[in-house]
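Engineer: Pasting the sequence and the predicted coordinates here, then a few questions.
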2 protein chains.
Amino acid sequence: MEKTDAVAALAALAQDNRLDVFRLLVQAGPDGMTAGAIADALDLAPNTLTFHFDRLRMAGLATVRREGRSMIYAAQFETMNALLGFLTENCCGGAPCAPDATCKPARKRTKVPAREDRP
Amino acid sequence: MEKTDAVAALAALAQDNRLDVFRLLVQAGPDGMTAGAIADALDLAPNTLTFHFDRLRMAGLATVRREGRSMIYAAQFETMNALLGFLTENCCGGAPCAPDATCKPARKRTKVPAREDRP
DNA sequence: ACATTATTTCGATAATCGTTGAAATATGGA
DNA sequence: TCCATATTTCAACGATTATCGAAATAATGT
């Protein structure tokens, strides 16, 4: 990921409501969620929401598709991972790193990925 | 890390010059770098730089100390790691995650290629 | 065709942002 | 003390941001 894209993605996530939207989309998974459902869940005006969706889409963090009268938004996980890659590269990869800092995804309290919760 | 802090950190990094500053600080390591050296390296006006330093400091991403007539800024690695932790938690931890997305620090160029590259 | 639902577009607004120039402050040296 | 260096503070500016209300568009059902 280029620096420009990283800045765009960071800016897209650097807003309260928008971060909420993205987190909701991530939770919704690849199938996404209708704009209306998100509006309900976060108690946001639909036009305000459209504004935020646009930001997320322009940053490559979300996609839309129409289904009937609903617009379904979904998180673009690849971009998020690319952003995390960029950030970690620019912390650990490109630098000696602080002595204390582990500089890893900081996976707390879990030994295995959450997806396979049981072995 | 709280959502509020995450938004603050994201906002602090979501700007071209400021991201450059932070990356430079990360490279400089825990000992930091004088404001003047950063101004030289990035070709930024000293007062503009002060503005950006303030943002980084308020987001907990940098610290200052005086040494002689110079102000020495240093990256606050813990906050950066906390941010990465927050972001990964909100990607992999709190969600089923996309089928393609590895949802890991996205360490590139390792031996295991992305899904589309597989035979 | 008409009404209903779902979402977007448009215009306006106050607030915040990033940059600049000029002046102020702090430190160390002659 | 006076001077140079290093950085900050302040006031101003245009640009961008997030939100709102009102109107427009799109799809569906009757």
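Structural biologist: Perfect, I can see it now.
Engineer: Which residue ranges of chain A form helices?
Structural biologist: For chain A, the helices defined by DSSP state H occupy A:3-13, A:16-28, A:35-42, A:46-58, A:77-88.
Engineer: Worst mean pLDDT among these?
Structural biologist: Ranked on mean pLDDT, the bottom entry among the helices of chain A is helix A:77-88, at a mean of 92.
Engineer: Now that A:Leu19 has come up, it's in contact with B:Ala6, right?
Structural biologist: Yes - at 7.1 Å, A:Leu19 counts as touching B:Ala6 under the criterion of CB atoms under 8 Å. All C-beta spots, glycine's among them, are computed from the backbone N, C-alpha and C.
Engineer: List the residues that are in contact with both of the two.
Structural biologist: By CB atoms under 8 Å, 6 or more residues apart in numbering or on different chains, A:Leu19 and B:Ala6 have no common neighbours.
Engineer: before we move on, the earlier item: among the helices of chain A, which comes closest to B:Arg57?
Structural biologist: Closest of those to B:Arg57 is helix A:3-13, at 17.6 Å (criterion: CB to CB).
Engineer: out of the helices of chain A, deepest packed?
Structural biologist: Per residue and on average, the most neighbours among the helices of chain A fall to helix A:77-88, with a mean of 22 (mean count of other CB atoms under 10 Å in any protein chain shown).
Engineer: what's the offset of that helix from the middle of its chain?
Structural biologist: Remark: helix A:77-88 is offset 9 Å from the chain centroid, using CA atoms, centre = their mean, to the nearest Å.
Engineer: Could I get the pLDDT score of A:Arg109?
Structural biologist: Reported pLDDT for A:Arg109: 29.
Engineer: which bits of chain A sit near DNA strand D?
Structural biologist: Near DNA strand D, the residues belonging to chain A are A:11, A:14-18, A:44-45, A:47-48, A:51-52, A:55, A:66, A:68-69 when assessed by CB under 7 Å from any atom of the strand.
Engineer: biggest separation within those residues, which pair?
Structural biologist: A:Ala14 and A:Gly68 (32.9 Å).
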